Every structure is written in structure tokens, then in C-alpha cells.
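>>> Return a 3D structure for these sequence lines:
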Amino acid sequence: MQDEGATFTIPKQPVRHRVHGIETFNVLRGGEYLFMPSLSALRWLAEQPGEGAARQTPG
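Numbers count the residues shown, from 1 in each chain. The predicted model follows:
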């Protein structure tokens with residue numbers, strides 16, 4: 001959330017321009033970003049040899 005009385009800076013040559021006291025115009029409602037692989041990708045990952053719990057080392 002933006003602080004009350006925030007400052008917005010516009011880059012400009014030779015001197016930047018600052019706008020003070022702007023109000024919030026957006027509200028964060030929450031959300032998530034998730035990576036959801038396809039079933040075929042999950043199957044491919046499961047078939048890959050690796051250091052998993054099911055792997056047994058000769059000993």
C-alpha cells in the first residue's frame with residue numbers, strides 16, 4: 001500500500017519533476033503466482049533418475 005502523501009518522480013532533463021501528495025489509485029487485493037506443470041510433465045519428472053527416497057544405493 002502506498003504511503004499517504006507520497007511523491008512521484010518524473011525523470012526529466014536537465015532536472016527531474018516531483019509531484020507531491022498523490023493519492024493511492026489502486027488497492028492490493030492479494031493473490032498468488034503458482035507454477036502448475038501439466039500431467040505429462042509430472043510423469044516425465046517422476047520417471048527421471050535421481051536422488052529420491054525410492055532410489056537405493058548398492059552397499
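>>> Going by C-alpha atoms from here, please, whenever you check contacts or count neighbours.
OK.
>>> contacting residues for residue 18?
By CA atoms under 8 Å, 6 or more residues apart in numbering, the contact set of residue 18 is 7, 8, 9, 10.
>>> Now with 10 Å, please.
7, 8, 9, 10, 11, 12 (CA atoms under 10 Å, 6 or more residues apart in numbering).
>>> Now rank those by neighbours and give me the top one.
When neighbours are taken as other CA atoms under 10 Å, the top entry among the contacts of residue 18 is residue 7 (14 neighbours).
>>> so what pLDDT did the nearest residue in space to residue 10 that is not next to it in sequence get?
Setting aside the residues directly before and after it, residue 10 is nearest to residue 17 in space (CA to CA, 6 or more residues apart in numbering), at 5.1 Å. The per-residue pLDDT reported for residue 17 equals 93.
>>> and residue 17, how far is that from residue 8?
Applying CA to CA, to the nearest Å, the value for residue 17 to residue 8 is 8 Å.
>>> Make sure residue 9 is actually in contact with residue 22.
No: under the criterion of CA atoms under 10 Å, residue 9 is not in contact with residue 22, lying 11.0 Å apart.
>>> which stretches of the protein have low pLDDT?
Applying pLDDT under 70 to the chain flags residues 1-4, 51-59.
>>> can you pull the contacts of the residue most central in space within it?
In the chain, the residue lying closest to the centroid (CA atoms, centre = their mean) is residue 33, at 6.6 Å. If you count contacts by CA under 10 Å, 6+ apart, residue 33 has none.
>>> can you tell me the helix or strand for it?
Using DSSP states H and E, residue 33 maps to neither a helix nor a strand.
>>> what sits against the residue nearest to residue 10?
The neighbours of residue 17, taking CA under 10 Å, 6+ apart as the test, are 8, 9, 10, 11.
>>> can we see that at 7 Å?
Contacts for residue 17 (CA atoms under 7 Å, 6 or more residues apart in numbering) come out as 9, 10, 11.
>>> out of those residues, who's nearest residue 28?
residue 9 (21.6 Å; CA to CA).
>>> so when I look at that closest one, I'm seeing a strand, right?
Yes: the assignment for residue 9 by DSSP: H, G, I helix; E, B strand; the rest coil puts it in a strand.
>>> Quick one: the helices in this protein, in order.
In the chain, the helices defined using DSSP state H lie at 39-47.
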